[in-house]
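*Asks:* heads up, no residue letters with this:
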Ligand SMILES: C[S@@+](CC[C@H](N)C(=O)[O-])C[C@H]1O[C@@H](n2cnc3c(N)ncnc32)[C@H](O)[C@@H]1O
C-alpha cells in the first residue's frame, strides 16, 4: 500500500491510543515528513485547517496544547498568531523527534516544546489556554472520537479546536456531545472537504 492509497474507513478503525500509535507509525514509514493532516487531500487543505485553528480566539501571548501534533506543522501558524507557549504532543515518537528538530529555531519570543505521550492523558485541570486537536480522532470509532473531544475540552482553560471528518462521526452525533460540554461553540464545515471544525468555548473563552 502506498501512502496515497488511503485506507478505507472500514479497513482501519482506531479505538485506542495504542491502535493510533501503530497506524500512524506505519504512515510515517510510508511518507516521512509529509504533514499528517495531508490525509486531508492536499497541502492546501492542511494549511486551511491550521489557519482555521488559529481563528478560535485571541492567541496573543496564549499557551497552546496541540494534541496529536504530528510533525508540528501547526507551529508557524500559532507563532504567527502570537502565542507565547506551544506544546505539541503525540503518541508516535518518530513524529516528536522530527518536529523537535524542525521547529527548534522559531525565535526567543515563543517557547516551543514537544513531548511523546501515551495518549491516555486525563487532565483534571486545564493545562493550556487553547487546546488543538486537528484530525487526532481520524479513523477512530465514535467512542474514540468522543473520548478525545471530552479530554481535549477538559484540558483547555479557554477553549478547544477539534476537527474530525464527517465519515468518522455524523454531525448530529458530534453536536449532541458538544452541547453536553458547552453551549458556546461554533461549527465550520467549509474549511475543506468533509472536515468538521469545531470551536468549543469555556466561560472565559470568546
Ligand atoms: C491525522 S494526524 C493529524 C496531525 C496534525 N494534527 C495535523 O493536522 O497535521 C493525527 C495525529 O494524532 C495522533 N494521535 C492519535 N491519537 C492520539 C492520542 N490519543 N494522543 C496523542 N496523539 C494522538 C497521531 O499519531 C497523528 O499524529
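*Replies:* Nice, thanks for sending it over. Keep in mind that what you see is a predicted model, and the values were worked out from it rather than measured. Numbering: from 1, shown residues only.
*Asks:* now do the strands in the chain.
*Replies:* 63-67, 85-90, 111-116, 128-134, 156-165, 185-188, 195-201 (DSSP state E).
*Asks:* who does the second one pair up with?
*Replies:* Strand 85-90 sits in its sheet next to strand 63-67 (parallel), strand 111-116 (parallel), going by DSSP bridges.
*Asks:* what angle separates that strand from strand 128-134?
*Replies:* For strand 85-90 against strand 128-134, the angle by axes from the mean of the first three to the mean of the last three Cα atoms, to 10 degrees is 40 degrees.
*Asks:* quick one: strand 85-90 to chain centroid distance?
*Replies:* 10 Å (Cα atoms, centre = their mean, to the nearest Å).
*Asks:* now distance to the ligand, mean pLDDT and mean neighbour count too, for the strands of the chain, in TSV please.
*Replies:* C-beta coordinates here come from the backbone N, C-alpha and C atoms, glycine included. Shown next, in TSV, are the strands of the chain (distance: least, Cβ to the nearest ligand atom, whole Å; pLDDT from 0 to 100; neighbours: other Cβ atoms under 10 Å):
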stretch	distance to the ligand	mean pLDDT	mean neighbour count
strand 63-67	5	96	25
strand 85-90	5	95	22
strand 111-116	9	95	16
strand 128-134	4	96	26
strand 156-165	8	96	24
strand 185-188	15	98	15
strand 195-201	10	96	22
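*Asks:* contact partners for the residue lying closest to residue 118 once chain neighbours are set aside?
*Replies:* In this structure, residue 118 finds its nearest non-sequential neighbour in residue 17, 6.3 Å apart by Cβ to Cβ, 6 or more residues apart in numbering. With contact set as Cβ atoms under 8 Å, 6 or more residues apart in numbering, residue 17 has these partners: 91, 118, 119, 120.
*Asks:* hmm, residue 22 and the first one touching each other?
*Replies:* The one in question is residue 91. No. Using Cβ atoms under 8 Å, residue 91 is not in contact with residue 22; the gap is 9.3 Å.
*Asks:* if you count surrounding residues, which of the two has more?
*Replies:* Neighbours per residue (other Cβ atoms under 10 Å) separate residue 91 from residue 22, with residue 91 holding more: 24 against 13.
*Asks:* which residues touch the more buried one?
*Replies:* Residue 91 neighbours (Cβ under 8 Å, 6+ apart): 17, 20, 21, 24, 68, 116, 117, 118, 119.
*Asks:* closest to residue 153 out of those residues?
*Replies:* residue 68 (14.7 Å; Cβ to Cβ).
*Asks:* retrieve the pLDDT associated with the closest one.
*Replies:* Note on residue 68: pLDDT of 95.
*Asks:* ok, for it, nearest residue in space, not its chain neighbours?
*Replies:* Using Cβ to Cβ, 6+ apart, the nearest residue to residue 68 is residue 136, at 3.0 Å.
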